[in-house]
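S.K.: Sequence plus predicted model, see below.
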Amino acid sequence: MSAHTRCPSGVAVVPPTLEVADIFRRHLDEYRQLHALTPGQQTVVHDLVACRTAALGGHLDLCTACGFERPAYNSCRNRHCPKCQALRQARWVEARLQRILPVHYFHIVFTLPSELHGLAFNNRTAIFELLFKSATAATLALAADPKWLGQDAQPGITAVLHTWTRELRFHPHLHCIVTGGGLARDQSHWVTASRDFLFPVHVLGALFRGKFMAGLQQLLHDGELHDQAGDRAARRRRQRLYKTSWIVYAKRPFGGPQQVYQYLGRYTHRVAISNGRLLSMDDHAVVFRTRGDETASLPPTEFIGRFLQHILPKGFVKIRHFGLMSSGNVNGKLEPQGTSGPAPAPAHPARCARALVRPRPLARPRHRPFQRSQR
């Protein structure tokens, strides 16, 4: 069978492929016999199943050459839907490119140890908030220490939360894009870091561990966490965590400054699994790609359970900006400049603060119920 069919005039029509929504339609009732859905999960499941179907309305695509018609149904726009992220990602990247600083950047990943996965699963909002706070605070603290950059500086950080592995297991970690250096505290010049080295990962990991554990103890002391472990088990866990080296991975993204947010865009609007990774489904197994040519096979109900465990708390913001990229600095401390004229060259990072521009407003798409369109 060919990759696509065509209408009589030769316009390509892509056939349907296996989707996450198909798995929910076929096996959700079976899953519900074993597990109850939370209100948030019910909303996501409803949106995924209804996405781009007649349930949400739509319009007709019309070929002006031959009169071929095809219904094009509306999207659900749920942030957990594999089919609704491409446009959001493109808009996000376009907006962030208006704020790019002409310097080199580093990609740093902060990962929670497996001992904390159970606690994070039962206290998602609190632990995820602490993950953001601890990872970015550790990075800003090292940048402020003259030992590492030569003087006190403030970098820019964009952080994105992910909660999954390629096998859909629960694995909270934070992807951060960090400027290679920072603005001096007196705002007089840019402090440049080496292109091959920002901070020692073992030092950054130890500081991240200390800040997270201090925050965790405060949350436990304030009674803001639901911890199934008893006091003795919690103390043993704390001792193990302090003796464990927390994993922090750092590398410099490929390409220049213009490619940084396009690089990060691969992470910002990614969901637990894309439709393109699904290979097959039957009553016994769902097969999907993991890494390279490797695949994994799960019973349909287990696949649904693993997908649902990555649904974020309602209203939780998974993309955040800190340091120079925070809203207070973007809209206040840094001096905006119009887009006319050539951008400052990366060889002059002292001008980076003045190179920041305000993003232009993005037009929101207009949707009308079943309006005939031509193409």
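M.R.: On my side now, so go ahead.
S.K.: State whether residue 59 and residue 72 are indeed in contact, as I suppose.
M.R.: Yes - Residue 59 lies in contact with residue 72 (CB atoms under 8 Å); the separation is 5.6 Å. C-beta coordinates here come from the backbone N, C-alpha and C atoms, glycine included.
S.K.: Quick one: mean pLDDT over stretch 177-186.
M.R.: Averaged across stretch 177-186, pLDDT comes to 91.
S.K.: Now that stretch: buried residues?
M.R.: Neighbour-count burial for stretch 177-186 flags 177-184 (criterion: 16 or more other CB atoms under 10 Å).
S.K.: Mind checking which of those are in strands?
M.R.: Of the buried residues of stretch 177-186, the ones assigned to strands by DSSP state E are 177-179, 181-184.
S.K.: how long is stretch 75-86 end to end?
M.R.: Across stretch 75-86, the terminal residues are separated by 12 Å (CA to CA, to the nearest Å).
S.K.: tell me which residues of it are tucked away?
M.R.: In stretch 75-86, counting by 16+ other CB under 10 Å, buried: 75-85.
S.K.: Strands along the stretch 151-300 of the chain, start to end?
M.R.: 153-154, 156-164, 170-179, 181-184, 190-192, 248-251, 278-281, 286-289, 295-298 (DSSP state E, counting those that start in this stretch).
S.K.: Quick one: closest of those to residue 226.
M.R.: Residue 226 sits nearest to strand 170-179 of all the strands of the stretch 151-300 of the chain, at 16.1 Å, using CB to CB.
S.K.: And for residue 72, the neighbour number?
M.R.: 14 (other CB atoms under 10 Å).
S.K.: Could you number the chain from 10 rather than 1 from now on?
M.R.: Taking 10 as the first residue, the last one we looked at is residue 81.
S.K.: so it is in which element?
M.R.: Residue 81 belongs to strand 78-82 when elements are defined using DSSP states H and E.
S.K.: Summarise which helices and strands that strand is packed against.
M.R.: strand 67-71 (3 or more CB pairs under 8 Å, 6 or more residues apart in numbering; DSSP states H and E).
S.K.: now the strand it packs on: mean pLDDT?
M.R.: On average, strand 67-71 scores 79.
S.K.: Could you dump the ones in strands among the buried residues of stretch 186-195 into a markdown table and include distance to residue 127?
M.R.: Shown next, in a markdown table, are those (distance: CB to CB, whole Å):
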| residue | distance to residue 127 |
| --- | --- |
| 186 | 29 |
| 187 | 30 |
| 188 | 35 |
| 190 | 38 |
| 191 | 36 |
| 192 | 40 |
| 193 | 43 |
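S.K.: Relative to residue 322, which of those residues is nearest.
M.R.: Nearest member of these to residue 322, counting by CB to CB, is residue 186, at 23.8 Å.
S.K.: Tell me if I'm right that the closest one and residue 116 touch.
M.R.: Yes - at 6.0 Å, residue 186 counts as touching residue 116 under the criterion of CB under 8 Å.
S.K.: overlap in contacts of those two?
M.R.: Taking CB atoms under 8 Å, 6 or more residues apart in numbering as the criterion, residue 186 and residue 116 both touch 262, 272-273.
S.K.: which of the residues you listed has the most neighbours?
M.R.: Greatest neighbour count in the shared contacts of residue 186 and residue 116, by other CB under 10 Å, goes to residue 273: 23 neighbours.
S.K.: tell me the contacts of it?
M.R.: With contact taken as CB under 8 Å, 6+ apart, residue 273 is in contact with 102, 105, 116, 167, 169, 184, 186, 262.
S.K.: From residue 38, how far off is it?
M.R.: 39 Å (CB to CB, to the nearest Å).
S.K.: same question, residue 127
M.R.: Distance from residue 127 to residue 38, counting by CB to CB: 29 Å.
S.K.: cool, and residue 148?
M.R.: Residue 148 is 46 Å from residue 38, where distance means CB to CB.
S.K.: For residue 196, give me phi and psi.
M.R.: Reported as degrees, to the nearest 10, the phi and psi values for residue 196 are phi 60, psi 20.
S.K.: Around it, how many other residues sit close by?
M.R.: Residue 196: 12 neighbours (other CB under 10 Å).
S.K.: So for this structure, which residue is the most central one in space?
M.R.: In the chain, the centroid-proximal residue (CA atoms, centre = their mean) is residue 277; its distance is 3.4 Å.
S.K.: was I right about it contacting residue 101?
M.R.: Yes - the criterion here is CB under 8 Å, and residue 277 meets it with residue 101 at 5.7 Å.
S.K.: Quickly list what's touching both of the two.
M.R.: Counting by CB under 8 Å, 6+ apart, the shared contacts of residue 277 and residue 101 are residue 328.
S.K.: That concludes my questions; thank you for your assistance.
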